[in-house]
Structures are given as structure tokens and as C-alpha cells.
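Peer 1: Fold the following and give me the result.
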Amino acid sequence: MSALVALKQGDICRATAEVDVLRHSYAEKKNDRQLENRLWEVQGMLLCKTGSPDEGLKLLQRAVDKTKADYGHHAWGNGAYYMEQWGAAALECGKLAVAEEAFLEALAHDPGSVRAALGLQSLCQRQQRTEEVARYEALAKKCWKKADIDQFISLREEVLKAIPATTEASVKTGGGT
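Peer 2: Sure thing, here's the model as predicted:
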């Protein structure tokens with residue numbers, strides 16, 4: 001959790017130290033699948049933020065591949081978690097095709113995934129796919145209809161600003177994916 005918080009705050013030095021702690025823990029507990037997934041998650045996100053997005057996204061996808069058919073993972077409501085993380089990281093890196101794949105997979109596993117719906121809304125907005133923007137916005141609102149509206153607005157703003165400004169130009173020219 002400390003590594004995720006550090007990444008969220010943009011504290012790369014602290015995140016790197018936390019990833020090292022996870023690596024050492026995993027070296028001692030090679031059979032701990034949950035620890036392995038957590039390591040892949042934070043290590044992948046760290047790589048995405050430090051200039052190695054392709055390697056980072058591969059680690060996040062590995063966590064998705066390991067958990068998408070895991071009943072134990074899904075039984076506790078975590079079915080789309082790694083898919084959402086993969087999509088969010090891809091969105092931040094400007095890897096729009098990967099982000100779309102991840103968010104669509106998240107919705108397939110959890111039709112109530114508000115993060116996936118908001119991610120797709122943001123992606124479609126940047127690509128000027130207006131019909132889909134409205135559809136994903138309506139889905140996100142439907143998923144969140146019984147939850148706190150202020151939290152929804154905060155989450156929506158966070159996701160909608162996830163694509164770097166440089167990606168917008170590359171989207172118009174067909175790049176950035």
C-alpha cells in the first residue's frame with residue numbers, strides 16, 4: 001500500500017524503496033501469489049512512471065492474466081482491480097489501445113466498474129468518439145448512483161485528466177497507441 005500511495009503522490013524515490021521491500025519479501029515467499037501480483041502491480045506502475053511503459057504494462061498485464069480466471073480473486077469483488085490499474089497506467093502513458101483493451105476487459109469482468117467506464121469515457125473524449133463518451137458517462141453514473149456524489153466527481157476529474165496533453169496531438173494523427 002505504501003508503494004501505491006507513493007506512486008499516487010509522485011514520490012518516485014519512496015516508491016522505488018517500497019518496491020525493493022516488496023522484492024525482498026517476495027524472494028522469501030516465492031509461493032505467495034498475492035504478494036507476487038502486488039509486486040507486479042507496483043513494479044509495473046513504477047516502470048510506467050519512470051520511462052519504461054512497455055515493460056511496466058507487460059507486468060500489469062501479467063497480473064491481469066494470472067487473476068482473471070481466479071475464483072478466489074473474483075469472489076471478494078476484486079475481479080476487475082488489476083484490469084483497472086492496467087488501463088489507468090496505459091492511459092497515463094498514452095498507450096490508448098492498451099488502455100481501451102484493459103478497460104473493456106474490466107467491464108466484461110465487472111459490469112459495475114466505474115473506473116473502467118470513466119477511463120473509457122476519457123479515452124473516447126480524447127479521440128472525439130462522442131457517442132461512446134455519452135454511453136460511458138451514463139454507465140459510470142449508473143454504476144455510482146447509490147454512492148457519494150462528491151467522491152464520484154473527484155474520481156471522474158482524476159480519470160479525465162489522466163491522458164497527458166502530448167497524447168492529444170498524437171491521437172489526432174493516429175499515434176499514441
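Peer 1: centroid residue for the protein?
Peer 2: residue 85 (2.2 Å; CA atoms, centre = their mean).
Peer 1: And the helix or strand harbouring that residue, how far out from the chain middle?
Peer 2: Secondary structure assignment for residue 85, by DSSP states H and E: helix 81-93. For helix 81-93, the gap between its own C-alpha mean and the chain's C-alpha mean amounts to 2 Å (CA atoms, centre = their mean, to the nearest Å).
Peer 1: For that helix, give the mean pLDDT please.
Peer 2: Throughout helix 81-93, pLDDT has a mean value of 93.
Peer 1: Report the backbone C-alpha coordinates of that helix in PDB.
Peer 2: Coordinates of the C-alpha atoms in helix 81-93 are reproduced here as PDB (Å, rounded to 0.1, in the frame of the first residue of the first chain):
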ATOM      1  CA  TYR A  81      -8.900  -4.400 -10.000                       C
ATOM      2  CA  TYR A  82      -5.800  -5.300 -11.900                       C
ATOM      3  CA  MET A  83      -7.500  -4.600 -15.200                       C
ATOM      4  CA  GLU A  84      -8.400  -1.100 -14.000                       C
ATOM      5  CA  GLN A  85      -4.900  -0.500 -12.800                       C
ATOM      6  CA  TRP A  86      -3.500  -1.700 -16.200                       C
ATOM      7  CA  GLY A  87      -5.900   0.600 -18.000                       C
ATOM      8  CA  ALA A  88      -5.200   3.600 -15.800                       C
ATOM      9  CA  ALA A  89      -1.400   3.100 -16.200                       C
ATOM     10  CA  ALA A  90      -1.800   2.700 -20.000                       C
ATOM     11  CA  LEU A  91      -4.000   5.900 -20.200                       C
ATOM     12  CA  GLU A  92      -1.300   7.900 -18.300                       C
ATOM     13  CA  CYS A  93       1.400   6.600 -20.600                       C
END
